[in-house]
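Asker: Pasting the sequence and the predicted model now:
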Amino acid sequence: MKPLSLVPQRMRRLASAHLGIAIMLLVLTAAFSIAAESPVRSIFPYGVAVALVAWRHGMSAGFIFAALAAGAFPTRAELSGEEAGEGLFTYFKLSAIVVGVAIGKRTGRKNQKP
């Protein structure tokens, strides 16, 4: 007989190390931006965080986390008034990372099966 667990299996899956690392990466990027008094404009730290979530939790969670990361991405001062367009463009770039991770994970699984 299996022991009774107070935390359902679905909740344990959602609270993974990948999600914690991705959130910490976004928090550290924001903290570095504040400490250096200049925003981190590279898509790389945001893309790594999104890729970690998409790899472990799938495309749906990846798209949701891409929206969160796009909201955290800083805008340029010379593009004031165009924040929505720049945020949408950033979301598209991060969504492309999610799709790439999902396709890579599927092809990796197909190549492993004999």
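Answerer: Received it, and whenever you're ready, just let me know what you need.
Asker: What strand or helix carries the one residue sitting closest to the centre of the chain?
Answerer: Nearest residue to the geometric centre of the chain (Cα atoms, centre = their mean): V50, 1.9 Å. Counting by DSSP states H and E, the element that carries V50 is helix 44-57.
Asker: How about residues contacting that helix?
Answerer: Contacts with helix 44-57, where a contact means Cβ atoms under 8 Å, 6 or more residues apart in numbering, come from 13-14, 16, 18-19, 21-23, 25-26, 28-29, 61-62, 65-66, 69-70, 72-73, 90, 93-94, 97-98, 101-102, 105. C-beta: built from backbone N, CA, C; applies to glycine.
Asker: just the buried members of those residues?
Answerer: Of the members of the contacts of helix 44-57, the ones counted as buried by neighbours, 16 or more other Cβ atoms under 10 Å, are 18-19, 22, 25-26, 29, 61-62, 65-66, 69-70, 72-73, 90, 93-94, 97-98, 101.
Asker: and those residues, which of them are in helices?
Answerer: 18-19, 22, 25-26, 29, 61-62, 65-66, 69-70, 72, 90, 93-94, 97-98, 101 (DSSP state H).
Asker: residue ranges with poor pLDDT in the chain?
Answerer: 1-15, 74-80, 82-83, 110-114 (pLDDT under 70).
Asker: Let's see that with 80 instead.
Answerer: 1-18, 33-34, 36-41, 71-87, 108-114 (pLDDT under 80).
Asker: Please compute how far stretch 45-55 lies from its chain's middle.
Answerer: Relative to the centre of its chain, stretch 45-55 is centred 4 Å away, using Cα atoms, centre = their mean, to the nearest Å.
Asker: what do you get for stretch 53-73?
Answerer: 4 Å.
Asker: Only the buried residues of the helix holding V50, if you could.
Answerer: 45-57.
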